[in-house]
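> here is a sequence with its predicted model. Questions after.
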Amino acid sequence: MSAPARYILHPTDFSAQSHLAFAHALRLALSNESTLALLHVGDDSDEDWDRFPAVRKTLGRWGLIDEDAKRRDIQEKLGVGVEKVIAEQKDVVDAITGFFQQRPVDFMVLATSGRDGLASWLMPSKAEKIAHKSHVPTLFVPAGGRGCVSLETGEVQMDRVIVPVDASPSPDEAIERGLRAISALGSENATLTLFHVGASTMPDIKIPDGPWNVEQIVTPTGDPATEIIKLAEEKQANLIAMVTDGVHGFWDVFRGTTTDKVVRHAPCPVLAIPIDS
């Protein structure tokens with residue numbers, strides 16, 4: 001069983017596109033009672049501090065703390081630690097990978113921006129290097145898509161999770177995380193959809209016993225990424241959870257792989273899980 005995230009990193013460029021990703025990072029930190037690190041890479045630390053997402057204001061709007069709450073109240077009342085860090089460096093990749101060497105990061109949340117893959121300051125070629133260095137589960141949140149966390153209220157919708165499956169790599173961790181998400185945050189009718197493309201039968205998949213709704217869908221032909229995105233749109237999915245296969249998958253997220261296409265075009269957040277994370 002995968003361990004809960006204890007140190008969540010959310011790199012931010014302060015753009016409006018990153019606001020929804022911040023909401024997801026904060027909600028995850030609340031659910032896991034973990035530390036949330038907000039990291040910005042820039043040249044002028046004096047001007048940038050006030051541009052960080054307002055954690056206390058957001059938590060107040062969500063009704064979780066009083067409007068006049070102190071910084072220490074976040075830790076004492078909610079169990080969440082918050083760090084805001086500015087890396088005064090020119091190279092975004094070096095700054096973020098360097099942060100991984102300094103902190104025990106075990107989960108990352110990134111905003112995506114359509115074909116650019118990530119926010120404008122973090123282009124695909126750089127993201128590939130970061131993925132290679134970090135190798136932790138990463139939640140990609142599309143700026144213009146359908147998030148599963150409301151920025152305004154903090155409410156979570158987790159009624160449909162899609163897990164693409166194949167014989168290899170094993171989808172077990174994606175299935176486990178998907179079931180955990182719908183069990184904790186989904187409604188009574190929340191459903192986990194196991195989806196296989198490329199054969200007439202579903203691979204032999206072990207589904208943990210439990211009171212959850214699980215459906216299996218097989219599409220014999222078609223481009224896997226295209227079919228995954230199509231199904232996510234049809235099912236109004238709240239999350240796609242994918243296990244990715246090391247150097248041929250997660251490290252190559254932005255080289256035209258299935259994960260690449262899904263991350264860039266999915267209508268909802270995508271959780272990419274390195275096979276040996």
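Looks like it came in fine.

> please parse the chain into its domains.
According to automatic domain parsing, the chain comprises the domains 7-142, 160-274.

> between these, which one is closest to Gly154.
Taking C-beta to C-beta as the criterion, domain 7-142 is the member of the domains of the chain that comes nearest to Gly154, at 3.4 Å. Heads up, the C-betas are built off the backbone N, CA and C, glycines and all.

> okay, how far is it across the closest one, tip to tip?
22 Å (C-alpha to C-alpha, to the nearest Å).

> returning to that earlier point: tabulate the domains of the chain (a markdown table), appending mean pLDDT and distance to Leu151.
Output for the domains of the chain, formatted as a markdown table (pLDDT from 0 to 100; distance: least, C-beta to C-beta, whole Å):
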| stretch | mean pLDDT | distance to Leu151 |
| --- | --- | --- |
| domain 7-142 | 84 | 4 |
| domain 160-274 | 85 | 13 |
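
> I'd like these laid out as TSV, including distance to Cys148.
Below are those laid out as TSV (distance: least, C-beta to C-beta, whole Å):
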stretch	distance to Cys148
domain 7-142	7
domain 160-274	4
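
> among those domains, which comes closest to Ser150?
Ser150 sits nearest to domain 7-142 of all the domains of the chain, at 7.1 Å, using C-beta to C-beta.

> which parts of the stretch 151-277 of the chain are helices?
172-185, 224-234, 258-265 (DSSP state H, counting those that start in this stretch).

> what residues of the first one count as buried?
Within helix 172-185, the residues scored as buried using 16 or more other C-beta atoms under 10 Å are 172-182, 185.

> contacts for it?
Outside helix 172-185, the residues that touch it by C-beta atoms under 8 Å, 6 or more residues apart in numbering are 1-2, 31, 137, 148, 156-159, 161, 163-165, 190-192, 194, 205-208, 210, 212, 239, 241-243, 271, 273, 277.

> make a ChimeraX selection of the buried ones in those.
Here is the ChimeraX command that selects the buried residues among those (16+ other C-beta under 10 Å):
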select :31,137,148,156,157,158,159,161,163,164,165,190,191,192,194,205,212,239,241,242,243,271,273,277
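
> nearest to Glu152, of the domains of the chain?
Ranking the domains of the chain by proximity to Glu152 (C-beta to C-beta) places domain 7-142 first, at 6.9 Å.

> count the neighbours of the closest residue to Glu67 other than its chain neighbours for me.
Spatial nearest neighbour of Glu67, chain neighbours left out: Gly60 (4.8 Å); criterion: C-beta to C-beta, 6 or more residues apart in numbering. Using other C-beta atoms under 10 Å, Gly60 is surrounded by 15 other residues.

> likewise the one 3 residues further on?
A count of neighbours around Gly63, defined by other C-beta under 10 Å, yields 9.

> that one: which element?
Counting by DSSP states H and E, no helix or strand carries Gly63.

> distance of it from Pro53?
Taking C-beta to C-beta, to the nearest Å as the measure, Gly63 and Pro53 are separated by 18 Å.

> what does stretch 37-45 rub up against?
Here stretch 37-45 makes contact (C-beta under 8 Å, 6+ apart) with 7-14, 22, 25, 48, 51-53, 55, 82-90, 92, 95-96, 99, 103, 105, 121.

> and what of stretch 204-219?
The contact list for stretch 204-219, computed with C-beta under 8 Å, 6+ apart, reads 165, 167, 171-172, 175-176, 179, 182-183, 189-202, 227, 231.

> try 6 Å
The contact list for stretch 204-219 (C-beta atoms under 6 Å, 6 or more residues apart in numbering) reads 165, 179, 191-197, 202, 227.
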